[in-house]
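In: could you look at this predicted model? Sequence included:
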Amino acid sequence: GAWLHFSHCRRLSTVEVLGRSYPKDKFTNITPSILSKLPTQLYTRPGHPLNTLKTTIEAHFPDYAHFSNLPALVSTYQNFDSLSFPADHPGRSATDSYYVNKDLMLRTHTSAHEVEVFCDGHKKWLLTADVYRRDEIDSSHYPVFHQMEGARLFSDDLNVSGDALARENTRLFSELSSEHVVLEDRTLVDSKNPYQEHHNKQLADLVTQNLKYTLSLLLFKLFAQAADPSSEAPLQIRWIPAYFPFTTPSYEVEVFFRHKWLEILGCGVIQQATLTNAKVSNEIGWAFGLGLERIAMILYKIPDIRLFWSEDLRFLSQFKPGEISTFQPYSRYPATERDISFWCPNDFHSNDFCDIVRDEAGDLAEEVQLIDQYHDKRKQGYVMSRCFRIRFRSMERSMEHAEINKIVITIKKRASEALRVEIR
Ligand code: FA5
Ligand code: MG
C-alpha cells in the first residue's frame, strides 16, 4: 500500500501517509520503507516480546491511564516547541528526523504527546508508541523503535501534597531491595542539574525522590523476575545526571549488558513551561521515557534489534503471551559484505546514505560501517572520498549473489542522483 502510493506520487507534489495526502516541500525526507512500518504496531501483537513488556509494565501501574494508539504523525509544535526545544536544537534537523513537510513529522519520542494528555486532565498515565529517528545501522539502533512515556502530577502546594508524598516515598523505599539487582546512584541536584526556581525546594525534592523510587521499583521487579537464577552476578543498574529541554533535574538510567552500559530511559521533573502549555500550571510532576526494545533485549536476551521485526516462526513461536523467557538463538544465514566508495560533496551526511541503503535493502542491511575516509585537495569540488562497507544478511533465508548485486547497483545509482556523490 504505502510503497505504491509513494512511488506513484514521487514526481507529484504530495506524499500519502496513513491514507491522507500531504504537500511535500524541501523538508520532505520520509522514505517508502519507513512509511511501510507505520501500520505495523508490533506492540499490539499478543505474544510479541514488546507486547508482553508493555502489558507487564501497565500491570505494574494499575491506577494509571494507559494509552497506545495515538497516530505517529505529529506537528513540529508537538514534538519540539511544546517541550521548549530551542530553535537550533540538533534533533530538529532533517538529518536526524523524518519530515513529511516543514510542519509535520514522525514523532521522535513519546514526549510529543505530553501536552495533549495533560490537557485532557490525566494526572497519572502511560503511553506506548512507535517512534522514528534517522540513525546509524547496528545491533541496538533501528530507525523505528518503541517508547513508553509515563507521567504523574501532584498539586504544587506543599501543604496539599507534601505529607502523602513523603509517606508514599517511605513505603516505596522499603520495597526496594533485590538480590538480583545492584543499584548505583551517581546523581546529585546541583547547579548543572538544578531544581526549577519557582518550585518549593522541599516539594521538588519529594517529587524527584518519588520519580527515582517509582522507576527503581519497576526496574527491580522487571529484572528480578527475569533474572537467571544460575547466573553468578546480579544485574547492575545506575542513575546518572542528564539534560533534556523539557525537564530539570533530569536523569538517565543505564544497565550493564553484554560488556557495555546500555541506556534504557530518560526522565526528570517536568519544566513548568510544558505544564503551562497544557493549562495545568498549578501542578508539579515527573515524566519518564523508556526504550522498550532496549529493556526487552536485556530481559529476553535478544541480541539484535532487527529481530523484533522478524516474521520468522523460529522467532515468533518462541514466546508465550505474558511470559518473559530467554530467546533461544537459531542458526543464522550467512552474511555477504559489499564495499561502496565515492567522492562526496561537502554537504554529504552519512544518515542520508544509510536511508538509501535501508530503503533498497530493507532488513537485509545488517550494518553499514564507514571503513575508510580519504582526503584529496586536488580533486575539484569533491575533496572527501568515503568507503562504506555494507553487511547484508537475511533473518529468514539465504540470499543469491545476483540479488545483492542488483541492490548494490540501485544503491549506487540513487546515491549518485540524490546525494550527488561520484562513485569510484
Ligand atoms: C527521550 O526520547 C526523552 N523523550 C525521554 C524523556 C521522557 C526524558 C520524559 C524526560 C522526560 P532519549 O532520546 O534518550 O530521550 O530516548 C529515550 C530512550 O529511548 C533511550 O534511553 C533508549 O532506551 C531508547 N532509544 C533511543 N534511541 C534509540 C534507538 N535508535 N533505538 C532503540 N532505542 C533507542
Ligand atoms: Mg538519551
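Out: Arrived safely, thanks for sending. Ligands and ions are numbered 1, 2, ... in the order given.

In: so how far is the host helix or strand of Lys413 off the chain centroid?
Out: In this assignment (DSSP states H and E), Lys413 forms part of helix 401-418. Remark: helix 401-418 is offset 29 Å from the chain centroid, using C-alpha atoms, centre = their mean, to the nearest Å.

In: after it, which helix or strand is next?
Out: Later in the chain than helix 401-418, the nearest helix or strand by DSSP H and E is strand 422-423.

In: show me what that next one is packed up against.
Out: Judged by 3 or more C-beta pairs under 8 Å, 6 or more residues apart in numbering; DSSP states H and E, strand 422-423 is in contact with strand 336-344, helix 401-418. To be clear about C-beta, it is placed using only N, CA and C from the backbone, and glycine gets the same treatment.

In: with distance to ligand 1, mean pLDDT and mean neighbour count added, can I get the ones you listed in a markdown table?
Out: Listed next are the helices and strands packed on strand 422-423 as a markdown table, based on distance: least, C-beta to the nearest ligand atom, whole Å; pLDDT from 0 to 100; neighbours: other C-beta atoms under 10 Å:
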| stretch | distance to ligand 1 | mean pLDDT | mean neighbour count |
| --- | --- | --- | --- |
| strand 336-344 | 23 | 95 | 17 |
| helix 401-418 | 22 | 96 | 14 |
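
In: of those, which is nearest Gly121?
Out: Gly121 lies closest to helix 401-418 among the helices and strands packed on strand 422-423, at 46.1 Å (C-beta to C-beta).

In: burial of Arg258, as a residue count?
Out: Look at Arg258: counted by other C-beta atoms under 10 Å, it has 11 neighbours.

In: look up the pLDDT of Pro229 for me, please.
Out: pLDDT recorded at Pro229 is 57.

In: make that Leu299, sorry
Out: 92.

In: so what's whatever residue of the stretch 251-400 of the chain ends up closest to ligand 1 closest to, chain neighbours aside?
Out: Here the residue of the stretch 251-400 of the chain nearest ligand 1 is Gly291; by C-beta to the nearest ligand atom that distance is 2.1 Å. Nearest residue to Gly291, sequence neighbours excluded (C-beta to C-beta, 6 or more residues apart in numbering): Ile264, at 5.6 Å.

In: so what's the residue count around the one you found?
Out: 21.

In: hang on, it in a strand?
Out: Yes. Under DSSP: H, G, I helix; E, B strand; the rest coil, Ile264 sits within a strand.

In: now do the end-to-end distance for stretch 24-43.
Out: Using C-alpha to C-alpha, to the nearest Å, the end-to-end distance of stretch 24-43 comes to 30 Å.

In: which other residues reach that stretch?
Out: Applying C-beta atoms under 8 Å, 6 or more residues apart in numbering, the external contacts of stretch 24-43 come out as 1-3, 6-7, 13-15, 17-18, 48, 50-51, 54, 68-69, 72, 94, 98-102, 106, 128, 130, 132, 134, 143-144, 146, 292, 308-309, 355, 358-359, 362.

In: surely the residue nearest to Gly291 touches Phe256?
Out: No. At 11.0 Å, Ile264 and Phe256 do not qualify as touching, with contact defined as C-beta atoms under 8 Å.

In: name all residues that make contact with Val115.
Out: Counting by C-beta under 8 Å, 6+ apart, Val115 has contacts Gln78, Ser82, Leu83, Thr274, Asn277, Ala278.

In: distance of it relative to Asn200?
Out: 24 Å (C-beta to C-beta, to the nearest Å).

In: for Ile30, same thing?
Out: Using C-beta to C-beta, which is the criterion applied here, Ile30 is 45 Å from Asn200.

In: repeat for Phe220
Out: Using C-beta to C-beta, Phe220 is found at 29 Å from Asn200.

In: who's more crowded, these two?
Out: The neighbour count for Phe220 versus Asn200, taken as other C-beta under 10 Å, is higher for Phe220 (19 against 16).

In: tally of neighbours for Leu176?
Out: 14.

In: equivalent analysis for Val15, please.
Out: Counted with other C-beta under 10 Å, Val15 comes out at 22.

In: that one should be in a strand, yeah?
Out: Yes. Counting by three-state DSSP, Val15 is located in a strand.

In: so it sits against Leu73, correct?
Out: No. If you go by C-beta under 8 Å, Val15 and Leu73 don't touch, sitting 10.9 Å apart.

In: who touches both of those two?
Out: Val100.

In: do I have it right that the residue of the stretch 251-400 of the chain closest to ligand 1 meets His141?
Out: No. Here Gly291 lies out of contact with His141, judged by C-beta under 8 Å, at a distance of 10.7 Å.

In: not counting its neighbours along the chain, what's nearest Leu364?
Out: Using C-beta to C-beta, 6+ apart, the nearest residue to Leu364 is Phe392, at 4.9 Å.

In: re earlier: neighbour count for Gly291 and His141, which is higher?
Out: Neighbours were counted for Gly291 and for His141 using other C-beta under 10 Å; Gly291 has more, 21 against 14.

In: where does the prediction get shaky in this structure?
Out: Within the chain, the stretches with pLDDT under 70 are 1-12, 225-232, 379-382.

In: what residues does it have near ligand 1?
Out: Where the chain comes near ligand 1, counting by C-beta under 6 Å from any ligand atom, the residues are 109, 111, 133, 135, 141-142, 145, 147, 244, 247, 263-268, 287-289, 291, 293-294.

In: make a ChimeraX selection of the buried ones in the contacts of stretch 24-43.
Out: In ChimeraX, this line selects whichever of these come out buried by 16 or more other C-beta atoms under 10 Å:
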select :2,6,15,17,48,50,51,54,68,72,94,98,99,100,101,106,128,130,132,134,143,144,146,292,308,355,358,359
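
In: among the contacts of stretch 24-43, which lie within strands?
Out: Thr14, Val15, Val17, Leu106, Thr128, Asp130, Tyr132, Val144, His146 (DSSP state E).

In: show me the protein divided up by domain.
Out: Domain ranges of the chain: 40-72+107-316, 331-423, per automatic domain parsing.

In: and the most centrally placed residue in the chain, what does it touch?
Out: Nearest to the geometric centre of the chain sits Phe145, at 4.9 Å (C-alpha atoms, centre = their mean). Going by C-beta under 8 Å, 6+ apart, Phe145 touches Asp130, Val131, Arg133, Gly291, Leu292, Glu293, Ile305.

In: all helices for the stretch 151-300 of the chain, in order.
Out: 158-175, 201-226, 272-277, 292-300 (DSSP state H, counting those that start in this stretch).
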